[in-house]
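A.B. asks: build me a model from this:
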Amino acid sequence: MSVRRQTIERSWVLISVLYGLFRASLVRAFLSKYGVNSAVFLAIELTSSALYGLSSARVVGAIVDSHWRKLRQWIPAALVTYAAPDAYVFASAGHLPGNMVEILLSIVAVTAVITAVGMWIQVRNKRGELSPQ
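C.D. replies: Numbering: from 1, shown residues only. The predicted structure follows:
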């Protein structure tokens, strides 16, 4: 693995963890009163975000390099670590008001789309760099 790719992976893991800290602060501020334990969420979020950062970077790398076996190895980890914090929120929250459920589902959907588009752009850009001119 190149030094450049390692730097990109580490940066992506750091960005994922920082985003996880932001999400944990939002959960503490808005969802604690509905039964979500913010300390447990923080632990799940930090663990998941670090593993998600690594696994999603590896997914992109596997697609760029056309290593389909590696892709199949990393996709489950990326999906599970992406969904784990949100699954905890929905499982641990007591009765959420209808608008809160809609807001949470919208946030999950929007971030999933942003993630998919971002990964697609990364793959397209990397493949463009690698193609002969």
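A.B. asks: how about the helices in this structure?
C.D. replies: Assigned by DSSP state H, the chain shows helices spanning 3-30, 38-65, 68-92, 98-130.
A.B. asks: any idea which of those is most buried?
C.D. replies: Comparing the helices of the chain by mean neighbour count (mean count of other Cβ atoms under 10 Å), helix 38-65 ranks first with a mean of 20. Any C-beta I mention is one placed from the backbone N, CA and C, and that applies to glycine too.
A.B. asks: mean confidence for that helix?
C.D. replies: Throughout helix 38-65, pLDDT has a mean value of 93.
A.B. asks: surely residue 44 touches residue 86?
C.D. replies: No. Using Cβ atoms under 8 Å, residue 44 is not in contact with residue 86, being 9.8 Å away.
A.B. asks: so where's the chain shaky on pLDDT?
C.D. replies: 130-133 (pLDDT under 70).
A.B. asks: tell me, what residue is most central in it?
C.D. replies: Nearest to the geometric centre of the chain sits residue 82, at 4.3 Å (Cα atoms, centre = their mean).
A.B. asks: surely residue 77 and residue 51 touch.
C.D. replies: Yes. Taking contacts as Cβ under 8 Å, residue 77 lies within contact range of residue 51: 6.5 Å.
A.B. asks: what about the closest residue in space to residue 94 that isn't next to it in sequence, distance to residue 26?
C.D. replies: What sits nearest to residue 94 in space, not counting adjacent residues and going by Cβ to Cβ, 6 or more residues apart in numbering, is residue 35, at 3.9 Å. Applying Cβ to Cβ, to the nearest Å, the value for residue 35 to residue 26 is 16 Å.
A.B. asks: same thing with residue 62?
C.D. replies: Counting by Cβ to Cβ, the gap between residue 62 and residue 26 amounts to 32 Å.
A.B. asks: the residue nearest to the centre of the chain contacts residue 119, correct?
C.D. replies: No. At 11.1 Å, residue 82 and residue 119 do not qualify as touching, with contact defined as Cβ under 8 Å.
A.B. asks: overlap in contacts, the two.
C.D. replies: residue 56 (Cβ atoms under 8 Å, 6 or more residues apart in numbering).
A.B. asks: follow-up on the earlier one: which residues does the residue nearest to residue 94 contact?
C.D. replies: The contact partners of residue 35, by Cβ under 8 Å, 6+ apart, come to 92, 93, 94.
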